[in-house]
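Asks: My questions concern the predicted model and sequence given below.
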Amino acid sequence: MPQQAQLKHIHGHGRLPRVIATDSTRPWTMNSSSGDDEAPKDPRTGGEDFTQQFTENDFEVTPPAQRVQFILGEDVDDGTHVSHPLFSEMGMLVKEGDEIEWKETARWIKFEEDVEEGGNRWSKPHVATLSLHSLFELRRLLVNGSVMLDMEAQNLEVMADLVCDHMVSAGALPPGVKDKVKDALLRRHRHQHEYAKKTRLPIIRSLADMRNHSSSKKDMVKSPSNQSMARPGSGTELSEQQHKGNTHFMRKIPPGAEASNILVGEVDFLERTLSCFIRLSQAVVLGDLTEVPVPTRFVFILLGPPGSQSNFHEIGRAMATLMSDEIFHEVAYRARKRDHLLSGVDEFLDAVTVLPPGEWDPTIRIEPPAAIPSQEVRKRPPELPKEEVDEEEEEARLREENGLSRTGRLFGGLINDIKRKAPWYLSDYKDALSMQCVASWIFLYFACLSPIITFGGLLAEATGKHMAAMESLVSGFVCGMGYGFFSGQPLTILGSTGPVLVFESIIYEFCQRMGWEYMTFRFWIGMWVAGICIVLTAIDASALVCYITRFTEENFATLIAFIFIYKAIENVVVIGKNFPVNQGIYDCVCTPPIGSNASVVDYAKYNWDSCESYNGTLVGGDCGTPPTENVFLMSVVLCAGTFLISTVLKEFKNALFFPSIVRQYISDFSVLIAIFAMSFFDYSLGVPTQKLEVPNELKPTLSTRGWLIPPFSEKNPWWSPIIAVFPALLGTILIFMDQQITAVIVNRKENKLKKGCGYHLDLFILSILIAICSMMGLPWFVAATVLSINHVNSLKLESECSAPGEKPQFLGVREQRVTHILIFLTIGGSVLLTPLLGNIPMPVLFGVFLYMGVASLKGLQFFDRILIMFMPAKYQPDYMFLRQVPIKRVHLFTMIQLACLIILWLIKSFTQTSILFPLMLVVMIGIRKALDLVFTRRELKILDDIMPEMTKRAAADDLHKLDAEVGLLARIFPWGKGSRGRVVTKPPGLDDGIVGSGGAVGAGLISCTTSNANEKEFEAQSSLLKK
């Protein structure tokens, strides 16, 4: 270029700024097409030309984004211009030994992979970073070079003939070197996987090779690509038979994909650069042209004189990156003439990002982003700002979709839940056909079994053994099976809770003082609780769940998680008190048998458990029990080992080792692997740690009671069933709040559940189960928060990564009933598994408790905000709420929430106040309402919103892009306001979350920030975010 190009930054209203290269000697114009864009036809196949043209008169002066939207907005009149996923491959003309051939140097599906020459391997997938010069040069080549659309060619040789004839007729190629250009195009293509296997394709001489060998040998002398060696014809049938694609990499190619091939090289028989962009009318497999056996649709050829290899390489990368761009890729399929391709390039330049030189290292490879922003905003025309949505109407609509609006008729919500869930019922069983469900079932079985046994022991102490471990197991079986088959949300796991235990102990103590029959009085309390819950279902009381916001639900979830963590550690500490490390002298010695010649010293080396195997005799006062000085230390090792193995293996799916399916299985079965590994470790060392105790007979703990409770007793007065309504009211509040808060957590939007909620149906089924448990004298089971969170987490679905470098995306949860049913079916059968379960150490299960407590904290915004309080500002994560709310206000909100958590903990910790725990959850809702007086509406929407983090970020990005398009209209029609901009650079579509160490972010984008004029405008944006 005679004069260095300069960049102009045109400001827009939130729009990514346009980058325009101005040159005083060669203006950048759109109407510089040269030659005929229509491809000639293969004389052997014939066919009609694709000659339809746009008729718009002002196409040349409209902005690139609008031109592209116009192109993409047209209807496709036939199947030949429907876009397909593209695999792009770039080859360079090189000399390998004595042979000239095309060598694969890079490939693209979504991200770039380069051949690393030194290591003879593929690089890690990375975001392509391009120089603006290469993009401008590519645009110049498309303006001045050959563009052949809808070429009809069935093999590479015919395509080479048509390209050469077109260039000769256009005057771009001298007729004397036509055969040499064709010879270069038909060279053999060698791919990286062939080098890796160290295989060489046989050299097959064609008649054309032997005819052209003598003349080409004289002409191609100076550069590596100047030597004309005998070549196999890439388009011949023989080559097609012998070429074997990279079948292993084929698994990464999306179904229905087509190929675009970029061929660049230098030869000394050319005096000027030749370029040609080709789109075939029908995609065909062109011999060994492509690494994988997919049909080729696009070919870009760039040949030139020696000395321009590196420049050509960058132009080829620019073309391949353009073809991997979602927008240009569709433009290339739909283009009807050269100007349409140029519009696609201009739109790409309009959306590209630029980094100034000297402020980043160009050798840095940018990691692919965790989530690629949607490019739909680049496809659709800008929309005028919509009228502000009525927030009350929007909230009412969302509540109605979730079944949380009052229907105005008895059992209307229950009927709607049944109608909503009935179509999914059969799929609830079909969707469970996965190994992930097997892993979830076994993990949750052990996770549920241990607290049921532990709760049974505590219940036996609190109720005088009227209910104990056996009753808890039977209740788990009855409630779990009933809830699993008929509930509205089977992802919710039922379990026993601390408040229920306190409630049972208070009722038992009251009956003891009054001299009443406890189980009979409890029967009537259960009947009243079930009846009240049915009434609540009839009047759609579950609609009140809409008042349980993130503030309340995360307080509750964090409290339960902390309880799990605290109890796990406390149980291990109790083992240390029962089996202290520093004990007195263990009075037990192994002595030799009578009549043996061995001395006492010889047998003193044998331990307590090995003495008898050598016919020795244990002598001493402590020989009745094994030594226990190592029990506590072993318990610590087992608990910590189970927690660490579970945590590490759960994240193993993101590791760098083994194939993805192996990593996924290891991740799914992480807790099971940890349990068996640490149990085997305990068994091999023989330390007498505490083991899981499971009842071995299916009968009530007390021999004086049966499996059915009599409703009346001589000890209880006739009016006792009537006054049972008062404790039943308190029990109803307890059960309702426990159940519904857990259901809200499970049904979060961030879990992306597709089969709908069932709050009313869940409460109705739970009321029936409480009635059954009351009649059988079994403990009441309600939704267990931590168990339910871990059940959901164990069934999360992620996308299968196809393109190299593509990060798995969270798709939702495997919604089904089978895991819930199997968990409690095996719990009911645990009596039969007593010999096996008796070998599992309790510290191992304490480690599972610790893991579940820590795992359930992941993803809680409240816990994230607690951690942020201890971080310097420069190390704080890029959370959405930190972008839009001052950090002091965030800390104030967190401190209030933390104070509420501490109050809940204190109330729960004392027996005298623990019965008030469910009432305090209602108070939490009132406290949250009072925060309207402390924080603005906008701040509460951001800090106390159950919208998932990634969704809010995406909504914000869509909002800024919408503002950008409005700004584009403002430049054409001056009705909007301008905004300040700032220059930043990299390819479009990859500018979300790419921040490398040292601040390197890709090469090539210009982004723009918007400044809001007043609070009203920001409120309007926040209301859009809420959608």
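Replies: Alright, I've got the coordinates.

Asks: Residue 443 in helix, strand or coil?
Replies: Following DSSP: H, G, I helix; E, B strand; the rest coil, we place residue 443 in the helix state.

Asks: from memory it sits against residue 672, does it?
Replies: Yes - judged on C-beta atoms under 8 Å, residue 443 makes contact with residue 672 at a distance of 5.9 Å. Using the backbone N, CA and C atoms, a C-beta is placed for each residue, glycine as well.

Asks: quick one: which of the two has more around it?
Replies: residue 443 (26 against 18; other C-beta atoms under 10 Å).

Asks: I'd like to check which residues are in contact with residue 822.
Replies: Applying C-beta atoms under 8 Å, 6 or more residues apart in numbering to residue 822 gives the contacts 441, 445.

Asks: Now do the phi/psi pair for residue 431.
Replies: phi -70, psi -10 (degrees, to the nearest 10).

Asks: Need the per-residue pLDDT for the nearest residue to it once chain neighbours are set aside.
Replies: Nearest non-adjacent residue to residue 431, counting by C-beta to C-beta, 6 or more residues apart in numbering: residue 816, 4.4 Å away. Note for residue 816: predicted pLDDT of 91.

Asks: Also residue 236?
Replies: For residue 236, the model assigns a pLDDT of 40.

Asks: What are the buried residues along the helix or strand that contains residue 114?
Replies: Element membership of residue 114, judged by DSSP states H and E, is strand 112-116. The neighbour-count check on strand 112-116 (16 or more other C-beta atoms under 10 Å) flags 112-115 as buried.

Asks: any idea which helix or strand comes after it?
Replies: Next helix or strand after strand 112-116 toward the C-terminus (DSSP H and E): strand 121-122.

Asks: so what does that next one touch, helix or strand wise?
Replies: The helices and strands touching strand 121-122, judged by 3 or more C-beta pairs under 8 Å, 6 or more residues apart in numbering; DSSP states H and E, are strand 112-116, helix 192-196.

Asks: what's the distance between residue 680 and residue 673?
Replies: To residue 673, residue 680 is 11 Å away according to C-beta to C-beta, to the nearest Å.

Asks: For these two, indicate the residue with more neighbours.
Replies: The residue with more neighbours, out of residue 680 and residue 673, is residue 673; 19 against 11, by other C-beta under 10 Å.

Asks: Poorly predicted segments of the stretch 801-950 of the chain, please.
Replies: Low-confidence segments of the stretch 801-950 of the chain, defined by pLDDT under 70, span residues 801-803, 805, 945-950.

Asks: mind redoing it with 90?
Replies: Low-confidence segments of the stretch 801-950 of the chain, defined by pLDDT under 90: 801-812, 827-864, 871-885, 904-950.

Asks: Could you pull up phi and psi at residue 494?
Replies: Per-residue torsions, residue 494: phi -90, psi 150 (degrees, to the nearest 10).

Asks: looking at it, it is touching residue 477, isn't it?
Replies: No - Residue 494 lies out of contact with residue 477 (C-beta under 8 Å); the separation is 10.9 Å.

Asks: higher neighbour count, the two?
Replies: Using other C-beta under 10 Å, the more surrounded residue of residue 494 and residue 477 is residue 494, with 28 against 20.

Asks: which one is that one nearest to, not counting chain neighbours?
Replies: Nearest to residue 494 is residue 781, by C-beta to C-beta, 6+ apart, at 4.1 Å.

Asks: what does the model give that neighbour for pLDDT?
Replies: 90.

Asks: For residue 325, see how far away it is.
Replies: Distance from residue 781 to residue 325, counting by C-beta to C-beta: 55 Å.

Asks: mind checking the SS state of the residue nearest to residue 164 when sequence neighbours are not counted?
Replies: Using C-beta to C-beta, 6+ apart and skipping residues adjacent in sequence, the residue nearest residue 164 is residue 178, 4.8 Å away. On the three-state scheme (three-state DSSP), residue 178 is labelled helix.

Asks: how about the nearest residue to the residue nearest to the spatial centre of the chain, chain neighbours excluded?
Replies: Against the mean C-alpha coordinate of the chain, by C-alpha atoms, centre = their mean, the closest residue is residue 810 at 2.8 Å. Excluding the flanking residues, the one nearest residue 810 by C-beta to C-beta, 6+ apart is residue 798, at 5.8 Å.

Asks: so the one you found touches residue 806, yeah?
Replies: No - at 11.3 Å, residue 798 and residue 806 do not qualify as touching, with contact defined as C-beta under 8 Å.

Asks: Compare neighbour counts for these two and give me the winner.
Replies: Using other C-beta under 10 Å as the criterion, residue 798 and residue 806 rank with residue 806 on top: 18 against 13.

Asks: tell me the contacts of that one?
Replies: For residue 806, the contacting residues are 109-111, 125, 368, by C-beta under 8 Å, 6+ apart.

Asks: tell me the pLDDT at the residue nearest to residue 810?
Replies: If you check residue 798, the pLDDT there is 79.

Asks: again with residue 401
Replies: With respect to pLDDT, residue 401 has a value of 66.

Asks: who does residue 106 bridge with?
Replies: residue 90, residue 114 (DSSP bridges).

Asks: count of residues packed around it?
Replies: Counted with other C-beta under 10 Å, the neighbours of residue 106 add up to 23.

Asks: So it versus residue 117, what's the distance?
Replies: From residue 106 to residue 117 the distance is 12 Å (C-beta to C-beta).

Asks: same question, residue 176
Replies: Distance, residue 176 to residue 117, using C-beta to C-beta: 35 Å.

Asks: ok, of the buried residues of strand 112-116, which one's closest to residue 771?
Replies: Nearest to residue 771 among the buried residues of strand 112-116, counting by C-beta to C-beta, is residue 113 at 63.0 Å.

Asks: What pLDDT is listed against residue 954?
Replies: 47.

Asks: hmm, back to that, ok, the residue nearest to residue 164 - contacts?
Replies: With contact taken as C-beta under 8 Å, 6+ apart, residue 178 is in contact with 164, 167-168.

Asks: Now do residue 857 against residue 454, distance only.
Replies: Spatial separation of residue 857 from residue 454 under the definition C-beta to C-beta is 22 Å.
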